[in-house]
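A.B. asks: attaching a predicted model along with its sequence, questions to come.
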Amino acid sequence: MLKMNNISKIYQTEMVQTHALRDFTLQVDEGEFIAVTGPSGSGKTTFLNIAGMLEPFSEGEYLLDGIDVGKLNDNQRADVRNQKIGFIFQGFNLIPDLNLYENIEVPLRYRGIKASERKRRIEQCLEQVGLASRAKHLPQQLSGGQQQRVAIARALAGEPRFLLADEPTGNLDSLMARQVMELLEQINRDGATIVMVTHDPELARRAPRNIQVVDGQLADFTLYQGAQTIKSAAGA
Amino acid sequence: MLEIKPIFHALCRSKVGAILLLIQIAITTAIVSNAAFIIQDRIAFLNQETGYPEQDLFKFNVMTFGKDVDLSQQFELDEAMIRALPGVESAAQSSSIPLSGSGSASSFNLKPAPQESKSVRTAYFFIDEHGLDTYGVKLIAGRNFSEDEVLITNSPTDRTTNVTVVTKALANELFSEGDALGKTIYFGDLPLKIIGITAPMKGPWLKDSHPNNVALIPYIQAKTYAQFAVRTKPGQRDAVMKDIESLMLKNYNKRVINNIKGLDQLKDQYMAADKLMMRMLIVLITILVLVTALGIFGLTLFNISKRTKQIGTRRALGARKSAIINYFLVENALICSMGLVLGGICALLLGQLLMQHFSIAALPPSYIATTAIMVLIMSLLAVLGPAKRAANISPSIATRTI
Amino acid sequence: MLLHYLDLSWRSFKRTPLVSALMVLAIAIGIGVTMTSLSVYHMMSADPIPHKSSQLYTVQLQTMDEGHTWWTGDDIPMQLTYQDAENLYNAPIPDKKVAMMRTGFSVYLDSDKVKPFISNARMTTPDFFSMFDVSFQYGGAWSQQQEQSAAPVVVISKELNDKLFAGESSIGKLIYLDDDSYQVVGVLADWPLNLKYYDLNNGAFNKVEDLFLPFSLIKAKELTSWGNSNGWKHEDTRNFADRLQSEQVWIQFWAQLDTAEQKLAYGNYLISYIEEQKKRGRFTREIPQYSLRDVNQWMEYNNVVSEDNKILVGLSFMFLAVCLANILGLLLAKFLRRAPEVGVRRALGASKRQVFLQHLVEVAMLGFIGGLLGIILAQIGLLGVRQSYDYYANLATMDLTMLLSAPVIAISTCIIAGLYPAWLVCKTNPAIYLKSQ
């Protein structure tokens, strides 16, 4: 599904060169649920941006679903984002001027889906996140957890095969965080590949596979995976 | 890809900014369409055909204070001298000068006063047989005065002249088309037979109610205050004008020669206020359109900075750059077209108001339509820059907190 | 506190320089355009003789037969016939009155030093100078007795005295006007009159005349008017005597009426005059009609302020409204973006009123800067007007009133524009902005 080979990202300022990512190599298979952790400033967000094609990379090769991302132009990247990737942001990033229905409609419109089909999908997604009755509400009329569920609905509406979640529970209290997490797990079971960036080890442990980014490089992740196995063994 | 409905909804939720823009566009449309109409009106007035070769004509005044000379004889000598000058085509004493803003007018009637009859306001020039040639105006029917039809007198009581040459406009107003030649009209109780009809020529006042009605009457009364008109060969006017004062004073020096002015100068003087109005209106609407464009530009910039995150999110969700540009263009076009509808109504009302209180004709709707199209284009151009800037917002903004 | 607000305003200005500059530019352009047309309007409509304008009345009589119309609003001719002017001048009331006419002469001296030239002249009665507040540099007006006897005397302007006599006192000297000699009895002090209100017939903004001579000389020397002569019926006027007796109107007439009683008494006198003339076969209308208009009414009646100028003033204010909407939009955007900061201020104890005032001070400052810039733009605009039309040379300027009103209009416009955004900002709930971010 996702294959990064020796990806480097260098931020160039007048004074210094910062290596945000260095020879970053990662492969994610179809249907996986991966949690990416790491201290702040480690390159987590850069990894997420590159994975989501929100940012170009300096060196290396990145294949998404067999497509060589480095060779795409801006419009093609936009289309790939639209069709293959669903985003869930930490700040929800709902558009304040639009109601829930219209917010979810945004990516569908960019894809050029017919109005009737849009309606069907939006209603289905709102149902899925349990907000069907609030379709006409504006984002600021909802709680944080509800807003994040709308954001998830928006990500799902496009029926993406690849879901990128950036601290999806970062702005939520633990109860709501758990609800959102359960939702993600449900989505993963339905077949979507999920890459979740988080700094919360608790949350990360719930994902089947953990990787850690330190200083822009992939750190030893088996440790976490080992711990996971031990934990689940103990639990069982 | 148009997405009017959600844009419209989004607009409705941030009304005030949109309404302000709408008001600006409406007032701008109202002002520009009315001002453009007035400008157009003035341009037509300024560029009107007067019937004279203005570049080759000039006039001067003679104010005689010496009492030791027979004025009519002196003027005959002066005219002969001027006509003999190299570069001069013709010259004549003329009781008033066309386009100058000063002259005489009276009503000309079909029956002698005090009988009641059809009466038409007419500017009249007392002038001799050289008049038509001097003013460079062609006869289109009949004939010019002959030398012996011209009455030259020092005595104001003589009144034996009985012919006139009139403009086609006057002839047609007094008589049915083509019927005027040979008919008699009355200047007070003085009968004048129409012996010639001229091509269009304007009287002294371009803003008169009847600027095209002119009658030439072959009558020269030598007065201490007299005006002369001179037509030169093309390009030679300046040279003749420069020398005319000294030449006239050489002939006889107990007089003052002044007000030596080209006919085009006289016209410019007469029209200066209209030219000023036209210029001021042009400046006004140019600046106005600029201010409105700047306003749209500024407001769009601000909206974009307010919506940076939103734009990044849209890009992350798969919007192409063109979709972002389109979003702002459509949003602006929506506000603009509502503003234009309102502006069209305001323009009509303003036009009505101007027509009621001032001497301005009704505003033709075509001016509103043209203005509306221009304003729309202007506003889209004003948005294009900021919209392109918005399209360049990186989608990675979406993952940034704050 | 005000200083603190000003300091905050200046910081805010610097924080968003582009938008602030746009706002200042918008108000400056609005003020520039408005002030340009308003200044011309102001100068055109300014009372030319403020302390006396309500005591000076121009006299109009309805001399025309029933059914004849004039182009004035009330169909009364603007000027008087010579005979009416003469009769009214010789009437017992009021004390001060003036009959006059514009003409011109060729002027020269008894030497070859000055080439003969043409000057405008006003034939008038001696009260002209005291009535219209004209002061003398040398000498004074001619006497009533000289007026009665059509004495060849003349009062000349300062400018003419400078030209002919190099500014020396010329009292008693002779000048030649059209081959006759006249004795100078007075030289006017500088009389900078922008608006020739006493005779509006031939251009209200022309220069005042250089020569002033006894009105009685018109008859004695058979002088013709250089102003307007208008007739309304056919008359066989073959010589000058006919003209003096004709119904043509060509004389301006003013009366000084200091009190309402005087005005009333004079009105009654005019009615009785018309009745008396009726017996001689003149003034055939059923209802006698006259009109007394003071200086300002007379200017209004004569449409001294041109139609064009009124339109321009109207359009300029609409222009200012566009600028206002423009600024309002930008202010709204600017202030609302600052709402979080205001939230902090409110949480730290700023009252709504203080927040409101802070923002109003900020817009007032924008208005002030814009107003000053607007004055500069208006000066450029007025320069353009003067260049384009020298007839307006004395009018297209800003006097002190206009200079002061520019920032006042600018600041008030900005405050009007700022009220709503400032109110919106100060009513924001601080809690909202403190929670998130």
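C.D. replies: It's in. In this text, all values refer to a predicted model and were calculated from it rather than measured experimentally.

A.B. asks: pull the longest helix from the chain.
C.D. replies: All of this refers to chain A. Counting residues, the longest helix in chain A under DSSP state H turns out to be helix A:174-189.

A.B. asks: that's the wrong chain, I meant chain C
C.D. replies: Every helix in chain C considered (DSSP H), the longest is helix C:352-388.

A.B. asks: give the other helices and strands that that one contacts.
C.D. replies: On a contact count with 3 or more Cβ pairs under 8 Å, 6 or more residues apart in numbering or on different chains; DSSP states H and E, helix C:352-388 meets helix B:263-306, helix C:2-15, helix C:17-45, helix C:307-337, helix C:339-347, helix C:400-426. For every residue, glycine as well, the C-beta is placed using N, CA and C.

A.B. asks: how about the closest residue in space to A:Gly130 that isn't next to it in sequence, secondary structure?
C.D. replies: Counting by Cβ to Cβ, 6 or more residues apart in numbering or on different chains, the nearest residue to A:Gly130 once its immediate chain neighbours are dropped is A:Arg149, at 6.8 Å. What DSSP: H, G, I helix; E, B strand; the rest coil gives for A:Arg149 is helix.

A.B. asks: quick one on the thing from earlier: I'd like the average pLDDT over the longest helix of chain C.
C.D. replies: The pLDDT scores in helix C:352-388 average 90.

A.B. asks: can you give me the buried ones in it?
C.D. replies: For helix C:352-388, a neighbour-count test (16 or more other Cβ atoms under 10 Å in any protein chain shown) marks C:354-371, C:373-375, C:377-379, C:381-382, C:384-386, C:388 as buried.

A.B. asks: residues contacting C:Gln358?
C.D. replies: Shown in contact with C:Gln358 (Cβ atoms under 8 Å, 6 or more residues apart in numbering or on different chains): C:Tyr5, C:Leu8, C:Ser9, C:Ala350.

A.B. asks: circling back: any idea how far the longest helix of chain C is from the middle of the chain?
C.D. replies: Its chain's C-alpha centre and that of helix C:352-388 lie 26 Å apart, by Cα atoms, centre = their mean, to the nearest Å.

A.B. asks: residue contacts, the residue nearest to A:Gly130?
C.D. replies: A:Arg149 sits in contact with A:Val129, A:Gly130, A:Leu131, A:Gln179, A:Val180, A:Leu183, where contact means Cβ under 8 Å, 6+ apart.

A.B. asks: the second one belongs to a strand?
C.D. replies: No. When three-state DSSP is applied, A:Gly130 is found to be coil, with no strand at that position.

A.B. asks: what number of residues are in the vicinity of it?
C.D. replies: Number of residues near A:Gly130 (other Cβ atoms under 10 Å in any protein chain shown) recorded here: 13.

A.B. asks: same question, the fourth one
C.D. replies: Other residues lying near A:Gln179 total 18 when counted by other Cβ under 10 Å.

A.B. asks: so it is in contact with A:Gly145, correct?
C.D. replies: Yes. If you go by Cβ atoms under 8 Å, A:Gln179 and A:Gly145 touch, sitting 6.4 Å apart.

A.B. asks: from B:Ala398, how far off is the residue nearest the centre of chain A?
C.D. replies: Residue closest to the mean C-alpha point of chain A, counted by Cα atoms, centre = their mean, is A:Leu164 at 1.4 Å. Per Cβ to Cβ, to the nearest Å, A:Leu164 is found 11 Å from B:Ala398.

A.B. asks: kindly report the residues of the stretch 301-402 of chain B close to chain C.
C.D. replies: B:Leu301, B:Phe302, B:Asn303, B:Ser305, B:Lys306, B:Leu354, B:His357, B:Phe358, B:Ser359, B:Ile360, B:Ile402 (Cβ under 8 Å from any Cβ of the partner chain).

A.B. asks: list the contacts for the closest residue to the fourth one other than its chain neighbours?
C.D. replies: Read that as B:Ser305. Leaving aside its sequence neighbours, B:Ser305 sits nearest to C:Arg337 (Cβ to Cβ, 6+ apart; 7.7 Å). Contacts for C:Arg337 (Cβ under 8 Å, 6+ apart) come out as B:Phe302, B:Ser305, B:Lys306.

A.B. asks: B:Tyr367 too?
C.D. replies: Contact analysis of B:Tyr367 by Cβ under 8 Å, 6+ apart lists B:Ser33, B:Asn34, B:Ala36, B:Phe37, B:Gln40, B:Ala347.

A.B. asks: could you redo the last one with a cut-off of 7 Å?
C.D. replies: The contact partners of B:Tyr367, taken as Cβ atoms under 7 Å, 6 or more residues apart in numbering or on different chains, are B:Ser33, B:Ala36, B:Phe37.

A.B. asks: need the pLDDT of it.
C.D. replies: 93.

A.B. asks: helix or strand: which one has it?
C.D. replies: helix B:365-391 (DSSP states H and E).

A.B. asks: and that helix, how far out from the chain's middle?
C.D. replies: 30 Å.

A.B. asks: flag every buried residue along that helix.
C.D. replies: Those would be B:367-368, B:371-372, B:375-376, B:378-380, B:382-384, B:386-387, B:389-391, for helix B:365-391 by 16+ other Cβ under 10 Å.
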